[in-house]
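**Q** Got a predicted structure here, sequence first:
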Amino acid sequence: MKLELLLVVLLLASFGVRLLNYKNKEKSKRIRDKMENERLNVIDMNRIDIFDKENIGIFTPYSGVETIGSILQNINHYKDFTTIKARRGGLQVINKLFELDLIEVFHWGKYEHELKDKELSTFEKMMYLQELWFIGADFADFFSMPMFKYKDWYIKKLEDLGMTHYTDWTTFVDENIDDLVKWIEENRPIID
């Protein structure tokens, strides 16, 4: 009887180990799949070149960046703004514009009273933005989230070259700036 009981326990233990291994393999596969999807999303994100000719609209000084929706429209990369892919790409572009010292937040949406006059690092701004920008947000939702404008130095330098509200942006860049990346690097204020 004890031997039979021992055999049953061993069989159950063996089955339990196989079941556990199966579950662990399934869990590992799900984790691998998720990591692969994340890797593909990162690769896709890294493909966004905000200086590409098709994205030139993002740099339009009077209308390129007011809302998250404006930014997504002007990078010509996403048709559906509600997706996680659009959110990730949009955050990447906004972060890059902050790093270039081109934009600033002029209204914090939900956090306006709390953050209105605070000096925040780019990292802190991006953290608040990530919190406010929920997956599934669409064009109308972006009006209650942080809103942006180009910094005064950028607009002033462009106006010094003859830019007005009525100037065709693409033609202006072709005729007066040529290499926008180089122009920004040469004209932006030196940040300590």
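**A** Perfect, I can see it now.

**Q** What residues of the host helix or strand of Val93 count as buried?
**A** According to DSSP states H and E, Val93 maps onto helix 84-99. For helix 84-99, burial by neighbour count (16 or more other C-beta atoms under 10 Å) applies to 85-94, 96-98. Using the backbone N, CA and C atoms, a C-beta is placed for each residue, glycine as well.

**Q** hmm, who's touching that helix?
**A** Contacts to helix 84-99, defined as C-beta atoms under 8 Å, 6 or more residues apart in numbering, come from residues 41, 44-45, 48, 50, 58, 65, 68, 71-72, 75, 77-78, 80-81, 103, 122, 125-126, 129-130, 133, 135, 137, 148.

**Q** same question, stretch 120-137
**A** Contacts to stretch 120-137, defined as C-beta under 8 Å, 6+ apart, come from residues 68, 81-84, 87, 90-91, 94-95, 98-99, 105, 108-111, 115, 141, 145-146.

**Q** Extract the CA atoms of stretch 100-112 and return them as PDB.
**A** Output of stretch 100-112 as PDB, limited to C-alpha atoms (Å, rounded to 0.1, in the frame of the first residue of the first chain):
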ATOM      1  CA  LEU A 100      16.600  70.900 -29.200                       C
ATOM      2  CA  ASP A 101      15.200  73.700 -27.000                       C
ATOM      3  CA  LEU A 102      12.600  74.500 -29.700                       C
ATOM      4  CA  ILE A 103       9.400  74.200 -27.700                       C
ATOM      5  CA  GLU A 104       7.900  75.000 -24.300                       C
ATOM      6  CA  VAL A 105       4.600  74.200 -22.600                       C
ATOM      7  CA  PHE A 106       2.300  77.200 -22.500                       C
ATOM      8  CA  HIS A 107      -0.700  75.300 -20.900                       C
ATOM      9  CA  TRP A 108      -0.500  72.200 -18.700                       C
ATOM     10  CA  GLY A 109      -4.100  71.100 -19.100                       C
ATOM     11  CA  LYS A 110      -5.100  69.200 -16.000                       C
ATOM     12  CA  TYR A 111      -1.900  70.300 -14.200                       C
ATOM     13  CA  GLU A 112      -2.100  74.000 -15.100                       C
END
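
**Q** With that, I have no additional questions.
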